[in-house]
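*Asks:* quick one: sequence plus predicted model below, questions after.
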Amino acid sequence: MNHLKKMISPMLFALLISVLAAGCSTGSNSAGGVTPSVTPEEKPTDKPKDTPSDKPKDTVEITFWHVWSEKDSGPIEAAVEAFNKKQDRIKVKVLGNQDATKQLTAISGGNPPDVALTFWNNIGPWADAGAVLELDDYFAKNNFDVKSVVPAAMERMKVGDKHYGVPFTMSMANTLMYNKQAFQEAGLSEPPKTLEQLLDYAGQLTKKDGSGNITNVGFMPDYPWIDNVFWPVIFGGSWVSDDGKVTPNRKENVASIEYQRKFYELYGNEALGKFKSGLGQRGTPQDPMLTGQIAMIIGWEYNFTEERTPDGPIGIAPFPYPADSPDLEGAGMVSPRGVFIPKKAKHPDEAWEFLQYLMSVDAQVEFSTESKVIPTVIKALDDERLTKNEELSTMWDFYERAKSENLQGFPNNVYINQYLQALSEETEKALNGQTTAQQAMDKVAEKIQPLADKANK
């Protein structure tokens, strides 16, 4: 990564423009809805009104911004309240619905919150611009053990060899979800264990009408989106070498696209395109997985939480692995939400104390209980308040799979969003048969290597 820039403000301004130009996207699949635009009554740079007479003189008040909307903010507000009650030296004031644009507006304006929660892929560009405080000194001073955190989640907080945040929660994809009735009708008694079986099952589960139109499909590798991180991870791939070279075209990455292409060859491009146009809306009673239009999908922990009970319509299993690479069993990707301290925070030491609390076992367990998410602290994954709580029974498999040593994620860096965009564009061409997988990934390397060279200077 570049050394921190001397001219920080112009870089932050450029970042802000890029975020606005991207339509204020909330990022990953688990992000939820787009944050409403800023109104005059809700400026991100507005300071909370202080009432010194209401608090002890030695109390330090810090501000914490997060991305959740009001209807989803109950668990995080409870965490803040618990921290405030636990001690009387620091009071945290919380403000929700603060998406990347609002956060970056405040940071670039020189009036950031003391602590903020954002999606992990913002950390790299913001840290490179000098907007995020490096935390390694705090780690060393307070004996914070990075090994106490799920490695794949903690790794997403690094840019180069330095940490710029902690992963408060994470989403995870290393699960296959399937429609139990579709399996029963096809005479399939158990889910596939290998990728080769997955392709075979997909053929058995696909149905056509009298005119040859697909009415039910076994599996679509790019549903509901092209996943340019998940599939290479399943094949043991990676994207950047130790010497700073981008590696989208390494053999495992290419093999992952060639495998996905087999499903298009199985169904036919035109037939599959026509089928996609008639799919029901996700998250409704017409969801394709609930109606059986699609028999199997890549599953995240937030999918079908009410339907994947033992007597429910959706079954779950570990995602299949390549038959010739059993060592990749349990592979999958993680997508964390990171908590960071802006470089110009007024109270960084107190902010760090709050970060430490959020990464405590108790705080992790309590938040995971209320919000049904996967904790990132390894000890919390085995805590009986989660693993013996019947109300969380549909999460138990995910707590266990979060321990897999084969979890990965995309490397965080200043050019991450350009890299991901290039991967999506070229992968789509390969899946549609417009180019080969090798040609597509060679093209990505050609596009992104100059950005990597610039970042590594």
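*Replies:* Arrived safely, thanks for sending.

*Asks:* how near is residue 58 to residue 91?
*Replies:* Using C-beta to C-beta, to the nearest Å, we find residue 58 at a distance of 11 Å from residue 91. For glycine as for every other residue, the C-beta is placed from the backbone atoms N, C-alpha and C.

*Asks:* neighbour count winner among these two?
*Replies:* Remark: of residue 58 and residue 91, residue 91 carries more neighbours, 17 against 7, as counted by other C-beta atoms under 10 Å.

*Asks:* nearest spatial neighbour of the more buried one, skipping sequence neighbours?
*Replies:* Spatial nearest neighbour of residue 91, excluding adjacent residues (C-beta to C-beta, 6 or more residues apart in numbering): residue 61 at 4.8 Å.

*Asks:* that neighbour looks like it's in a strand, true?
*Replies:* Yes. Counting by DSSP: H, G, I helix; E, B strand; the rest coil, residue 61 is part of a strand.

*Asks:* my read is that it contacts residue 89, right?
*Replies:* No. Between residue 61 and residue 89 there is no contact under C-beta atoms under 8 Å: 10.6 Å.

*Asks:* for stretch 432-439, give the mean pLDDT please.
*Replies:* Averaging pLDDT along stretch 432-439 gives 97.

*Asks:* got the phi and psi for residue 298?
*Replies:* Dihedral angles of residue 298 (phi, psi; degrees, to the nearest 10) stand at phi -70, psi 120.

*Asks:* same question but for residue 302, I mixed them up
*Replies:* Main-chain dihedrals, residue 302, degrees, to the nearest 10: phi -90, psi 0.

*Asks:* show the pLDDT at it.
*Replies:* Looking at residue 302, the pLDDT reads 96.

*Asks:* then residue 244?
*Replies:* If you check residue 244, the pLDDT there is 89.

*Asks:* what is the burial count for it?
*Replies:* Neighbour tally, residue 244, other C-beta under 10 Å: 15.

*Asks:* ok now whichever helix in the chain runs longest, how far from the chain's centre?
*Replies:* Secondary structure assigned by DSSP state H gives helix 437-456 as the longest helix of the chain. Distance, stretch centre to chain centre, for helix 437-456: 23 Å (C-alpha atoms, centre = their mean, to the nearest Å).

*Asks:* now do stretch 266-274
*Replies:* Here stretch 266-274 is found 29 Å from its chain centre; the criterion is C-alpha atoms, centre = their mean.

*Asks:* give me the contacts around that stretch.
*Replies:* Stretch 266-274 is contacted from outside by 199, 202-203, 206, 212-214, 217, 220, 263-264, 275, 432-433, using C-beta atoms under 8 Å, 6 or more residues apart in numbering.

*Asks:* quick revisit: more neighbours, residue 61 and residue 89?
*Replies:* residue 61 (17 against 10).

*Asks:* mind saving the C-alpha coords of the helix or strand harbouring residue 270 as CSV?
*Replies:* Counting by DSSP states H and E, the element that carries residue 270 is helix 269-276. Extracted in CSV, the C-alpha atoms of helix 269-276 (Å, rounded to 0.1, in the frame of the first residue of the first chain):
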residue,chain,number,x,y,z
ASN,A,269,-27.9,-19.9,-22.6
GLU,A,270,-31.2,-18.8,-24.3
ALA,A,271,-33.3,-21.3,-22.3
LEU,A,272,-31.7,-20.2,-19.0
GLY,A,273,-32.2,-16.5,-19.8
LYS,A,274,-35.9,-17.1,-20.5
PHE,A,275,-36.3,-19.1,-17.3
LYS,A,276,-34.6,-16.3,-15.2
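
*Asks:* beyond that helix, next helix or strand please.
*Replies:* Beyond helix 269-276 on the C-terminal side, the first helix or strand identified by DSSP H and E is helix 288-291.

*Asks:* now do that next one: which elements does it pack against?
*Replies:* strand 166-179 (3 or more C-beta pairs under 8 Å, 6 or more residues apart in numbering; DSSP states H and E).

*Asks:* can you list the strands that the strand it packs on pairs with?
*Replies:* strand 294-300 (antiparallel), strand 314-318 (antiparallel), strand 332-340 (antiparallel), strand 374-375 (antiparallel) (DSSP bridges).

*Asks:* which helices and strands does the next helix or strand after it pack with?
*Replies:* Going down the chain from strand 166-179, the next helix or strand is helix 180-185, by DSSP H and E. In terms of contacts (3+ C-beta pairs under 8 Å, 6+ apart), helix 180-185 is packed against strand 314-318.

*Asks:* buried residues in the strand it packs on?
*Replies:* By neighbour count on 16 or more other C-beta atoms under 10 Å, the buried set for strand 314-318 is 314, 315, 316, 317, 318.

*Asks:* C-alpha coordinates for that strand, PDB please?
*Replies:* Extracted in PDB, the C-alpha atoms of strand 314-318 (Å, rounded to 0.1, in the frame of the first residue of the first chain):
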ATOM      1  CA  ILE A 314     -35.500 -25.900   3.200                       C
ATOM      2  CA  GLY A 315     -32.600 -28.100   4.000                       C
ATOM      3  CA  ILE A 316     -29.000 -27.100   4.500                       C
ATOM      4  CA  ALA A 317     -25.700 -28.900   4.100                       C
ATOM      5  CA  PRO A 318     -22.000 -28.000   3.800                       C
END
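
*Asks:* find the residue at the geometric middle of the protein.
*Replies:* Nearest residue to the geometric centre of the chain (C-alpha atoms, centre = their mean): residue 335, 2.1 Å.

*Asks:* which strand residues bridge it?
*Replies:* Residue 335 forms beta bridges with residue 171, as assigned by DSSP bridges.

*Asks:* which stretches of the stretch 1-150 of the chain have low pLDDT?
*Replies:* Along the stretch 1-150 of the chain, segments meeting pLDDT under 70 span 1-57.

*Asks:* so where do the helices sit in it?
*Replies:* With DSSP state H, counting those that start in this stretch, the ranges of helices along the stretch 1-150 of the chain come out as 8-21, 74-86, 100-108, 123-128, 136-141.

*Asks:* now render those as CSV, adding distance to residue 331.
*Replies:* Output for the helices of the stretch 1-150 of the chain, formatted as CSV (distance: least, C-beta to C-beta, whole Å):
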stretch, distance to residue 331
helix 8-21, 32
helix 74-86, 29
helix 100-108, 29
helix 123-128, 23
helix 136-141, 28
